[in-house]
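Q: what's the 3D shape of this:
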Amino acid sequence: MLRLGSTYNSAQFYLAKDGKTGVLALGSFSDTQYFTFLRKLLEGLQSLKALGATQLIVDVTNNGGGFICAAHWLHRIIAGPKSSTVPQAGLDTKARAGPLARTIVDEIISKNADPGVSLLYNPLNWRDASNTPFTADADWLEPIVPLTINGREDAFSPRLGNECQPEGFPGDPPSEALFDPTKVVIVSNGRCGSSCSLFSISMSKYEGTKTVVVGGKSDVQQIYCGVVGGQSTNFVTIDTEIKTTGLKNSTLAPPDLVVNGVMGITWRLAYGVDEPNEPAEWQYFPADLNLPVTSTL
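A: Residues are numbered from 1 along each chain as shown. Predicted coordinates for the structure are as follows:
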């Protein structure tokens, strides 16, 4: 197998000995240099195609996710411009919208508490279901959509659309598909979180891409994705939003996290494809093929 020089950090590119099968081993959808990372994904796939690759394996084993827009970008450049990739190569979402979240938004829009537009709750970072950007004074979490989950009442925003194109992309994507999506296979060990799941579901459901899980019991159907982006964040990020908007002393604010650990938070939920009015998180995603790991003598 030939390793390409366009390899970059978590994105490794190979050409199989048959000369027609390209391999992208993608360990993460995150990188310290966001736009460089996206450009390298494009350059690597273009290099594989130039070498004669007509089919592609995307290995996302142990991929924990990362940038939502990186998942959109990879889907878009593989599949090309079509109704499932333009303007959004992904899934609509809805954001958590509890009382504290609504208070943060109110502080941002009424007191200009985020002039640098760096907070998750700033309306300028989001678009409505018609892909129209919110204005700086938009109370974008309203009207609240109540939802009961496992007997517990929760609240979410209205449906949100695309926040990635074109601002989230490093220039214009190719005008045609790099690969036929039906000749693409996504391989994992079932540990595929957040953006990885978003990419896998979108490619499988919209484009007919096959999914394979390596490992697991041979008589148990394997699932090819984990937590579905949406968007996952953490306590530190939300605590920063609270402090930036001057709400740390609010009765709604949580106490400081005093342990040396990370507390993850599912901040947005993505809608499903087969059931477009409920979160993908609640839906079933069996792999097209299970490849159990067996011993050889």
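
Q: For stretch 46-56, buried residues please.
A: Under the neighbour-count criterion of 16 or more other C-beta atoms under 10 Å, stretch 46-56 has 47-48, 53, 55-56 buried. (C-beta placed from N, C-alpha, C; glycine too.)

Q: distance of Val193 from Thr211?
A: Slight slip there: residue 193 is Gly, not Val. Look at Gly193 and Thr211: by C-beta to C-beta, to the nearest Å, they are 15 Å apart.

Q: Give me the more crowded residue out of the two.
A: Thr211 (24 against 21; other C-beta atoms under 10 Å).

Q: For the more buried one, which three-state class applies?
A: What DSSP: H, G, I helix; E, B strand; the rest coil gives for Thr211 is strand.

Q: Spatially nearest residue to it, not counting backbone neighbours?
A: Tyr224 (4.1 Å; C-beta to C-beta, 6 or more residues apart in numbering).

Q: The one you found: neighbour count?
A: Neighbours around Tyr224, by other C-beta under 10 Å: 26.

Q: Now do the same contact list for it.
A: When contacts are counted by C-beta atoms under 8 Å, 6 or more residues apart in numbering, Tyr224 touches 186, 188, 190, 192, 200, 204, 211-213, 285-287.

Q: Below-threshold pLDDT in the protein: ranges please.
A: Within the chain, the segments meeting pLDDT under 70 span 5-6, 229, 295-297.

Q: Tell me where the stretch 151-297 of the chain has strands.
A: 152-156, 184-188, 210-214, 231-234, 264-270, 289-291 (DSSP state E, counting those that start in this stretch).

Q: Name the stretch among those strands that sits most buried.
A: Most buried of these, by mean neighbour count (mean count of other C-beta atoms under 10 Å): strand 184-188, with a mean of 23.

Q: Return the list of helices and strands in contact with that strand.
A: Here strand 184-188 touches strand 55-59, helix 195-207, strand 210-214, going by 3 or more C-beta pairs under 8 Å, 6 or more residues apart in numbering; DSSP states H and E.

Q: Make CSV from the ones you listed and add distance to Gln165 to it.
A: Shown next, in CSV, are those (distance: least, C-beta to C-beta, whole Å):
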stretch, distance to Gln165
strand 55-59, 21
helix 195-207, 14
strand 210-214, 25
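
Q: Would you tell me which of these gets closest to Phe134?
A: In terms of C-beta to C-beta, the element of the helices and strands packed on strand 184-188 nearest to Phe134 is helix 195-207, at 21.7 Å.

Q: Centre of the chain to the closest one, how far?
A: 9 Å (C-alpha atoms, centre = their mean, to the nearest Å).

Q: so it versus strand 264-270, what angle?
A: Interaxial angle, helix 195-207 versus strand 264-270 (axes from the mean of the first three to the mean of the last three C-alpha atoms, to 10 degrees): 20 degrees.

Q: Export only the CA atoms of helix 195-207, formatted as PDB.
A: What follows is helix 195-207, C-alpha atoms only, in PDB (Å, rounded to 0.1, in the frame of the first residue of the first chain):
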ATOM      1  CA  SER A 195     -19.000  14.800  13.700                       C
ATOM      2  CA  CYS A 196     -17.900  11.300  12.700                       C
ATOM      3  CA  SER A 197     -21.400  10.000  13.100                       C
ATOM      4  CA  LEU A 198     -22.800  13.000  11.300                       C
ATOM      5  CA  PHE A 199     -20.600  12.300   8.300                       C
ATOM      6  CA  SER A 200     -21.300   8.600   8.400                       C
ATOM      7  CA  ILE A 201     -25.100   8.900   8.700                       C
ATOM      8  CA  SER A 202     -25.300  11.600   6.000                       C
ATOM      9  CA  MET A 203     -23.200   9.600   3.600                       C
ATOM     10  CA  SER A 204     -25.100   6.400   4.300                       C
ATOM     11  CA  LYS A 205     -28.700   7.800   4.300                       C
ATOM     12  CA  TYR A 206     -28.300  10.400   1.500                       C
ATOM     13  CA  GLU A 207     -25.700   9.000  -0.800                       C
END
